[in-house]
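**Q** I would like to see how this sequence folds:
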Amino acid sequence: MAESKKLGKAALALLAALLFSAVSVLACFSQADLYAVEVVLNKPNVTYDLSKLRVEQVEPGVYAYRSPVDSRLVVALSELELPPWSGKFLGVRVQVPLRTVLQQAYSCGVELATVTVLGPLEVELDAGEGEVSLDLGELYLKGPAVLLFEPALEVSAQKPLKLSASGVLELQGDRASYRVTTPCFAAYGGDCVRVAMVIPGFDEPMSAEPGAYRVKAVVSWVSSEKVSGKFLVRVKGVILDQAATGWKTEERAFFGATISKAVDGLEVKVSFTRRSLTARVEGEGSLSRALEEVEKLVKALGLPCALEPSGTEEVKVVPAYDVSRDEMVAALKAELEWLSSTGVISGLSSGDVEAIAEAAQVGFAGWNSRLVWSDGWKPYSSVEGALLVRCVKAPPQLMSFEAFERIPYRAEEVEAPQLDSLLAYAGAAALAAVLLLAVIFFLRRR
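**A** Residues are numbered from 1 along each chain as shown. Down below sits the predicted model:
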């Protein structure tokens, strides 16, 4: 029993360290802040009385318990300072518990193979500026795909030529449509100036859903001479057909395209760029098993790729549960309403609660980003005179699932009636029974 209590208190202390890194002297950013919403109730005339909260403190001034709205979430209350205001204010935070996973990356150099060629189509380009619309026919993808489009303009001229061409590719499908800009895809006799940004589908691969697409192109040009030529588009990439069962495309990140698959508790993400393939494996399982799955994929796609570890094995912090913004905000809103109804918080109007819920976003937590009052509820970082910090703390030792399971619910909701209360109820019931018998006896006498 003593050992169980020690473990329980240790788990609560661990939670406090996780949720309230801002209590520390440095108040640095923690990765826990990315998976939390937090508000500091510094609005004038809003007060609090933590003596009315029947929850055990995990450390002086800090309380933590499971959300009664969503048991995947932890609610934490803390007394916090908030420069430039003086004094302490109540902070209310809703946190997704975190866990650590292993992460390892593997990479190889690879050139995406040509899937098909659209065209060529004969084109006539007048001298000066011009534009033409072209129908390139149908592109059929029998599975999710990673694609790179390489338009080309092949022209012949009798004398020196200055020509630059740009375009837009439009893929119209029944289930999805895509638009790929292709600036400066051709230049003869000079340079072509384009915007300095990575364009999905042209500079780096893009993800595409399976299906049949009608492909059209709009080509614009500037030419010193009238010329004739041929326009075509090489489509490079990989198509995830039956040979790549279980893999799915994901939203494009900063650049490149990514496909993913779950393998024995591990998440495997394979990212393609123009000249490389990178596989990132993370989770709590066998990295070798995940690597085998990636190698099977590479072989099935016919890619000449020998995967090698890229960097060292790392530890990554991830949320233990997938909780949406609406679910987290609902838990915060419910907690503010409950704390107000029980007198723990006074002076916070229903309008304030609604405004806080509307302003709250996942990640609005921690010293710089928590919501505060300053002519409205807004992130602390946007307040004039805010004392912001620019440091990052290494992830604290995170609570395990076992520790999270020891986090209590609110005492009022789970606590069994005390003996004194039972005796009081019994006494009241006995008195009521005696009075009822007396009334019945009196009526019968009459």
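**Q** going forward, measure contacts and count neighbours with C-alpha atoms only.
**A** Will do.
**Q** Pull the contacting residues for Ala176.
**A** Glu209 (Cα atoms under 8 Å, 6 or more residues apart in numbering).
**Q** Over to it: give its phi and psi.
**A** phi -150, psi 160 (degrees, to the nearest 10).
**Q** I'd like the distance between it and Ala279.
**A** For Ala176, the distance to Ala279 equals 27 Å [Cα to Cα, to the nearest Å].
**Q** what do you get for Pro84?
**A** 47 Å.
**Q** Give me the more crowded residue out of the two.
**A** Remark: of Pro84 and Ala279, Ala279 carries more neighbours, 25 against 11, as counted by other Cα atoms under 10 Å.
**Q** What is the burial count for the closest residue to that one other than its chain neighbours?
**A** Leaving aside its sequence neighbours, Ala279 sits nearest to Val270 (Cα to Cα, 6 or more residues apart in numbering; 4.2 Å). Residues lying near Val270 (other Cα under 10 Å) number 23.
**Q** what's the answer for Lys296, then?
**A** So Lys296, with other Cα under 10 Å, has 14 neighbours.
**Q** ditto for Leu41
**A** Leu41: 25 neighbours (other Cα under 10 Å).
**Q** What are the structural domain limits within the protein?
**A** If you go by automatic domain parsing, the domain ranges for the chain are 2-97+321-414, 101-110+242-319, 114-238.
**Q** if we can go back for a sec, who's in contact with the residue nearest to Ala279?
**A** By Cα under 8 Å, 6+ apart, Val270 lies in contact with Thr258, Ile259, Ser260, Leu277, Thr278, Ala279, Arg280, Val294.
**Q** Secondary structure element for it, which one?
**A** For Val270, the host element (DSSP states H and E) is strand 266-272.
**Q** Now the helix or strand just after that strand: buried residues?
**A** Next helix or strand after strand 266-272 toward the C-terminus (DSSP H and E): strand 276-283. Within strand 276-283, the residues scored as buried using 16 or more other Cα atoms under 10 Å are Leu277, Thr278, Ala279, Arg280, Val281, Glu282, Gly283.
**Q** again with stretch 58-76
**A** Judged by neighbour count (16+ other Cα under 10 Å), stretch 58-76 contains these buried residues: 58, 62-68, 72-76.
**Q** ok, now how distant is Leu163 from Lys142?
**A** As defined by Cα to Cα, Leu163 lies at a distance of 37 Å from Lys142.
**Q** What of Ala320?
**A** Following Cα to Cα, the distance that separates Ala320 from Lys142 is 35 Å.
**Q** ok, now Val110?
**A** 22 Å.
**Q** which one of these two has more residues nearby?
**A** Per other Cα under 10 Å, whichever of Val110 and Lys142 has more neighbours is Val110, with 17 against 14.
**Q** was I right about that one contacting Ala306?
**A** No - in this structure Val110 lies outside contact range of Ala306 using Cα atoms under 8 Å: 9.1 Å.
**Q** who's in contact with Ser340?
**A** Counted by Cα under 8 Å, 6+ apart, Ser340 has contacts Ser346, Leu348.
**Q** How about the one 5 residues further on?
**A** Residues near Ile345 by Cα under 8 Å, 6+ apart: Val46, Thr47, Tyr48, Asp49, Leu336, Leu339.
**Q** What of Glu150?
**A** Phe185, Phe202, Val233, Arg234, Val235, Lys236.
**Q** Skipping its backbone neighbours, what lies nearest the fourth one in space?
**A** Nearest residue to Arg234, sequence neighbours excluded (Cα to Cα, 6+ apart): Val117, at 4.5 Å.
**Q** Ser271 too?
**A** Thr258 (4.2 Å).
**Q** Surely the one you found is within a strand?
**A** Yes - the assignment for Thr258 is a strand, going by DSSP: H, G, I helix; E, B strand; the rest coil.
**Q** And it, how close does it get to Leu291?
**A** In this structure, Thr258 and Leu291 are 16 Å apart, going by Cα to Cα.
**Q** and these two? which has more neighbours close in?
**A** Thr258 (24 against 20).
**Q** Kindly state the pLDDT recorded for the more buried one?
**A** pLDDT recorded at Thr258 is 86.
**Q** neighbours of Pro319, just the number please.
**A** Applying other Cα under 10 Å, we find 16 residues neighbouring Pro319.
**Q** hang on, isn't it packed against Val101?
**A** No - counting by Cα under 8 Å, Val101 is not a contact partner of Pro319; they are 10.0 Å apart.
**Q** Could you list the buried residues of stretch 316-324?
**A** Per 16+ other Cα under 10 Å, stretch 316-324 contains these buried residues: Val317, Val318, Pro319, Ala320, Val323.
**Q** swap in stretch 42-60?
**A** So, applying 16+ other Cα under 10 Å, buried residues of stretch 42-60: Asn42, Lys43, Thr47, Tyr48, Leu50, Leu53, Val55, Gln57, Val58.
**Q** gap between the two ends of it?
**A** Using Cα to Cα, the end-to-end distance of stretch 42-60 comes to 20 Å.
**Q** now stretch 154-166
**A** Start-to-end span of stretch 154-166 (Cα to Cα) is 14 Å.
**Q** do the same with stretch 361-378
**A** Taking Cα to Cα, stretch 361-378 runs 11 Å from one end to the other.
**Q** Going forward, the N-terminal residue is numbered 52.
**A** Done: numbering now begins at 52, and the last item shifts to stretch 412-429.
**Q** outside of it, which residues touch it?
**A** Under the criterion Cα under 8 Å, 6+ apart, residues 71-73, 78-81, 84-94, 144, 376, 379-380, 406-407, 410-411, 430-432, 434, 439-440 lie in contact with stretch 412-429.
**Q** Report the buried residues of it.
**A** Buried, per 16+ other Cα under 10 Å, within stretch 412-429: 412-424, 428-429.
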